[in-house]
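> Provide a 3D model corresponding to the input given below.
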Amino acid sequence: MDTAASIPLAPNAVPLLGHVLPLVRDPLAFLSSLPARGDLVRIRMGPRSVVMVCDPVLTRQVLLDDHAFDKGGPMYERVREVVGDGLISCPHSRHRRQRRLCQPSFHPERFPHYSAVFVAAAEDVARSWHDGQVVDVTTEMAKLATRVAVETMFTAALPPGAAQQTVGDINTVVNGAFRRMIRPALLNRLPSPGNRRYLRARDRLQHTACGVAGRRRADSTDHRDLLSSLQRATDPDGLADGARALTDAELADQVLTFFLAGAETTSNAMAWALYLLAEHPEVGERLHAESDRVLGGASPAFADLSALQEAGHVVHEALRLYPPAWLLTRTVVEDTELGGVTLPAGTLIAFSPYLIHRRPDLYEDPDRFDPDRWRGPQPDRTVYLPFGAGARKCIGARFAVAEATLALTAINSRWRLVPLSGRPVRPSVKVTLGPRGLRMRVIARRA
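Numbering: from 1, shown residues only. All right, here's what the predicted structure looks like:
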């Protein structure tokens, strides 16, 4: 059996920086070039060597064996800087208990209430636009997703100034986290303007989330939101010393985890979906016809989701082309075999849903937007990973798809969005994958 030293090194690494330059200049193209070099390829993030997993079957092995391949590496080091040891970032040893405590917050019986929040927020955005207006779709979807995260998490909305500051802080954190992930650790400790902005934004987000969680501890009312559910959750297998429920520190970590993940990833998915519809107006017309047929002029609701198939296909295809969590890392906990290679404990692993979703041997014409891929038999779960897989699969996957589908329907039934130029929009590569400079003109469906 081969050892890690036998894994080929990607070309053009430079001393100290490793592959930082291609990861900064065009990380998606760099990752997409790696499968040609093997199922496993070594890259360098600064001085650290990382084994990039390029094969879908091996990627699924990493995802399913969360004991051997634990949350860790540069990605999760940065995530923990912001959200602590919440459900997304906690190690394997803490995950099972946290998952049991958080699961009731995403019970299907809560979705009709959550869906009403999705739709109300999307319709308020749609009503705020006027015919012919040019809007920054990325910013508008960030505001929408932040409002949904606030109202489903905390019930009460943040004041307008605080909400705007929160959107800016989230953007600063996700931008800064990617840079801090790929560059040498020494640069992250320098008092540079970028580092100071990142730390200020992180501290404000933590203060906001912890303040809300702390004030709620004294409130016995069930507000029918995620925070109320988290407060009341108990683990029957927990210890008798109070560990059956989330501690104050754990509650604060979960609040910030769900708040940040819900606002950032869902806003990107909705922005990409609106952009793809604008680029393919024939698909937008199909969605118009569907909303007319299903809704008959009424607002969309949770009960309509199963009938909104065209909208659901667009959301799934947008998540395939532009998975928000495009690059993830793990740490090998014990000597483990992967793809015929023995990886020693401590090896850093990375994998990319974006890379898997764009492989031409897995998807026909993979760079083409084609919602009809989702008619009939679905792609194998090995090759579609926008929410991960296994025990660490995103707990909010159904929440996110429902939110994006209903919000997309609410906006698209009222407006047609038109790109301002014929140039394709490039992804803004951060910890998440969002569109860069997405300004479009909104045209009323009915003048």
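
> And the pLDDT at the nearest residue to residue 102 once chain neighbours are set aside?
Closest residue in space to residue 102, ignoring its immediate chain neighbours: residue 87 at 5.4 Å, by C-beta to C-beta, 6 or more residues apart in numbering. Using the backbone N, CA and C atoms, a C-beta is placed for each residue, glycine as well. On pLDDT, residue 87 comes in at 90.

> Please apply the same query to residue 265.
So residue 265 comes in at 87 (pLDDT).

> Tell me how far the helix or strand of the chain with the lowest mean pLDDT lies from the chain's centre.
Least confident helix or strand, the chain: strand 2-3 with a mean of 76, by mean pLDDT, DSSP states H and E. Offset of strand 2-3 from its chain centre (C-alpha atoms, centre = their mean, to the nearest Å): 34 Å.

> just stretch 123-137 next, same as before
25 Å.

> what about it, start to end distance?
15 Å (C-alpha to C-alpha, to the nearest Å).

> Shouldn't residue 29 be within a strand?
No: counting by DSSP: H, G, I helix; E, B strand; the rest coil, one finds residue 29 to be helix, located in no strand.

> which residue packs closest to it, ignoring adjacent ones?
residue 22 is the one closest to residue 29 (C-beta to C-beta, 6+ apart), at 7.8 Å.

> Torsion angles phi and psi at the one you found?
phi -70, psi -30 (degrees, to the nearest 10).

> Quick check, residue 337 in contact with residue 343.
Yes: Residue 337 is within contact range of residue 343, at 7.5 Å (criterion: C-beta atoms under 8 Å).

> Which one's more surrounded, the two?
residue 343 (22 against 12; other C-beta atoms under 10 Å).

> Pairing-wise in the sheet, spell out the partners of the more buried one.
When bridges are called by DSSP bridges, residue 343 pairs up with residue 336.

> any idea how far residue 306 is from it?
From residue 343 across to residue 306, the span is 43 Å (C-beta to C-beta, to the nearest Å).

> Helices along the stretch 1-150 of the chain, start to end?
Taking DSSP state H, counting those that start in this stretch, the helices of the stretch 1-150 of the chain run over residues 20-25, 27-33, 56-64, 74-83, 92-102, 111-128, 137-154.

> Not counting its own residues, what contacts the least confident helix or strand of the chain?
340, 341, 342 (C-beta atoms under 8 Å, 6 or more residues apart in numbering).

> So, low pLDDT: which residues of the stretch 151-300 of the chain?
Residues of the stretch 151-300 of the chain that meet the criterion pLDDT under 70 lie in 155-161, 218, 237-243.

> hmm, 90 instead?
Within the stretch 151-300 of the chain, the stretches with pLDDT under 90 are 151-191, 194, 204-265, 297.

> Could I get the contacting residues of residue 279?
If you count contacts by C-beta under 8 Å, 6+ apart, residue 279 has them with 369, 419, 424.

> contacting residues for the first one?
What it means is residue 369. Taking C-beta under 8 Å, 6+ apart, we find residue 369 in contact with 276, 279, 280, 283, 317, 321.

> Closest one of the residues you listed to residue 191?
residue 321 (38.7 Å; C-beta to C-beta).

> residues near that closest one, how many?
Other residues near residue 321 come to 21 when the count uses other C-beta under 10 Å.

> about what we covered before: return the closest of the contacts of residue 279 with respect to residue 192.
residue 424 (32.4 Å).

> so that closest one sits in a helix?
No: assignment of residue 424 by three-state DSSP gives coil, placing it outside any helix.

> any idea how far it lies from residue 355?
Residue 424 is 20 Å from residue 355, by C-beta to C-beta.

> Counting neighbours, go ahead and name the busier of those two.
Taking neighbours as other C-beta under 10 Å, residue 424 and residue 355 compare with residue 355 leading, 25 against 8.

> which residues touch the residue nearest to residue 372 when sequence neighbours are not counted?
Nearest non-adjacent residue to residue 372, counting by C-beta to C-beta, 6+ apart: residue 313, 7.1 Å away. With contact set as C-beta under 8 Å, 6+ apart, residue 313 has these partners: 371, 372, 373, 374, 375.

> who wins for most neighbours among those residues?
Neighbour counts for the contacts of residue 313 peak at residue 371, which has 24 neighbours (criterion: other C-beta under 10 Å).

> Go ahead and list the helix or strand containing the closest residue to that one other than its chain neighbours.
Sequence neighbours aside, residue 313 is the residue nearest to residue 371 in space, at 3.8 Å (criterion: C-beta to C-beta, 6+ apart). Following DSSP states H and E, one finds residue 313 within helix 309-321.

> Quick one: name whatever helix or strand follows that helix.
Later in the chain than helix 309-321, the nearest helix or strand by DSSP H and E is strand 328-332.

> can you pull the buried residues of stretch 215-228?
Residues 216, 225, 226, 227, 228 are the ones in stretch 215-228 that count as buried (16 or more other C-beta atoms under 10 Å).

> Stretch 167-174 now?
For stretch 167-174, a neighbour-count test (16+ other C-beta under 10 Å) marks 167, 169, 170, 171, 172, 173, 174 as buried.

> Surely the third one is in contact with residue 264?
Yes: using C-beta under 8 Å, residue 170 is in contact with residue 264, at 5.6 Å.

> Next, the contact list for residue 335, please.
With contact set as C-beta under 8 Å, 6+ apart, residue 335 has these partners: 342, 343, 344, 345.

> Give me the contact list for the one helix or strand residue 286 maps to.
Using DSSP H and E, residue 286 sits in helix 281-295. Contacts with helix 281-295, where a contact means C-beta under 8 Å, 6+ apart, come from 276-278, 300, 304, 307-311, 314, 369, 371, 408-409, 412-413, 416-417, 445.

> could you redo the last one with a cut-off of 10 Å?
Applying C-beta atoms under 10 Å, 6 or more residues apart in numbering, the external contacts of helix 281-295 come out as 273-274, 276-278, 280, 297-298, 300-301, 304-314, 317, 369-372, 408-410, 412-418, 445.

> tilt between that helix and helix 309-321?
Computed by axes from the mean of the first three to the mean of the last three C-alpha atoms, to 10 degrees, the angle separating helix 281-295 from helix 309-321 equals 140 degrees.

> circling back to that earlier point, put together CSV for the helices of the stretch 1-150 of the chain, with distance to residue 329 and mean neighbour count on each row.
Formatted as CSV, these follow (distance: least, C-beta to C-beta, whole Å; neighbours: other C-beta atoms under 10 Å):
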stretch, distance to residue 329, mean neighbour count
helix 20-25, 13, 16
helix 27-33, 13, 18
helix 56-64, 10, 19
helix 74-83, 4, 22
helix 92-102, 14, 17
helix 111-128, 30, 18
helix 137-154, 25, 24
